[in-house]
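Trainee: give me a 3D structure for the following:
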Amino acid sequence: QAVPAGSHVRLNLQTGDREARLPDSENGKSDTREERRRKRLGKVDVDSSSFTSEELKKALAKMKESEKAERKAHEEEVRKKFRPIEQLKEEFEKLNVKMETDYEIMVKLIGKFNSSASTLDEKVAALYDLEYYVHQV
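Mentor: Residues are numbered from 1 along each chain as shown. Below is the predicted model:
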């Protein structure tokens with residue numbers, strides 16, 4: 001189990017158990033849980049009646065809107081860097097280069113494996129190639 005930082009830890013040699021104790025405060029007494037919470041939070045008002053449910057809903061909606069805007073901006077930035085695959089296929093066709101997706105290659109390999117015209121060496125090679133593509137998925 002995780003132990004808070006600054007805790008006193010010891011191994012009890014009689015029982016073999018590990019024991020942990022929170023450090024004493026300056027006045028010699030251990031802080032209570034509420035005192036530690038107040039120290040950690042400082043002067044933050046954590047009273048549940050200080051915020052209405054409507055205020056919390058509005059704040060959450062604003063957070064979601066800003067997150068959506070950030071996501072859209074990131075998507076636009078990515079779109080500027082890369083081109084769609086359809087456009088790339090068209091450009092490769094103009095260059096007489098056929099670009100195949102992994103799916104298309106796997107279908108061909110399965111067809112080669114199932115073909116009765118393929119030799120044993122071709123089937124083994126198809127299985128090795130298919131293993132590579134399936135491993136990526």
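
Trainee: show me this protein divided up by domain.
Mentor: Per the record, the chain has its domains at 51-96, 98-136, by the TED database.

Trainee: most tightly packed of these?
Mentor: Using mean count of other C-beta atoms under 10 Å, the stretch among these with the greatest mean number of neighbours is domain 98-136 (a mean of 12). Where C-beta positions appear, they are placed from N, C-alpha and C, glycine not excepted.

Trainee: how far does that one sit from its chain's centre?
Mentor: 32 Å (C-alpha atoms, centre = their mean, to the nearest Å).

Trainee: sorry, back to before: worst average pLDDT in the domains of the chain?
Mentor: Taking each of the domains of the chain in turn, the lowest mean pLDDT turns up on domain 51-96, with a mean of 85.

Trainee: centre of the chain to it, how far?
Mentor: In terms of C-alpha atoms, centre = their mean, the centre of domain 51-96 is found 18 Å from the chain centre.

Trainee: from residue 8, how far off is the residue lying closest to residue 11 once chain neighbours are set aside?
Mentor: Spatial nearest neighbour of residue 11, excluding adjacent residues (C-beta to C-beta, 6 or more residues apart in numbering): residue 18 at 5.5 Å. Using C-beta to C-beta, to the nearest Å, residue 18 is found at 11 Å from residue 8.

Trainee: what does residue 77 give?
Mentor: The gap separating residue 77 from residue 8 is 51 Å, by C-beta to C-beta.

Trainee: so which of the domains of the chain gets nearest residue 12?
Mentor: Nearest of the domains of the chain to residue 12, taken as C-beta to C-beta: domain 51-96 at 46.0 Å.

Trainee: excluding chain neighbours, what is closest to residue 130?
Mentor: Leaving aside its chain neighbours, residue 130 sits nearest to residue 109 (4.6 Å; criterion: C-beta to C-beta, 6+ apart).

Trainee: on the three-state scheme, that neighbour is what?
Mentor: At residue 109 the chain is in helix, as set by DSSP: H, G, I helix; E, B strand; the rest coil.

Trainee: need the longest helix for this protein.
Mentor: In the chain, assigned by DSSP state H, the helix with the most residues is helix 53-81.

Trainee: part of a strand, is residue 83?
Mentor: No: counting by three-state DSSP, one finds residue 83 to be coil, located in no strand.
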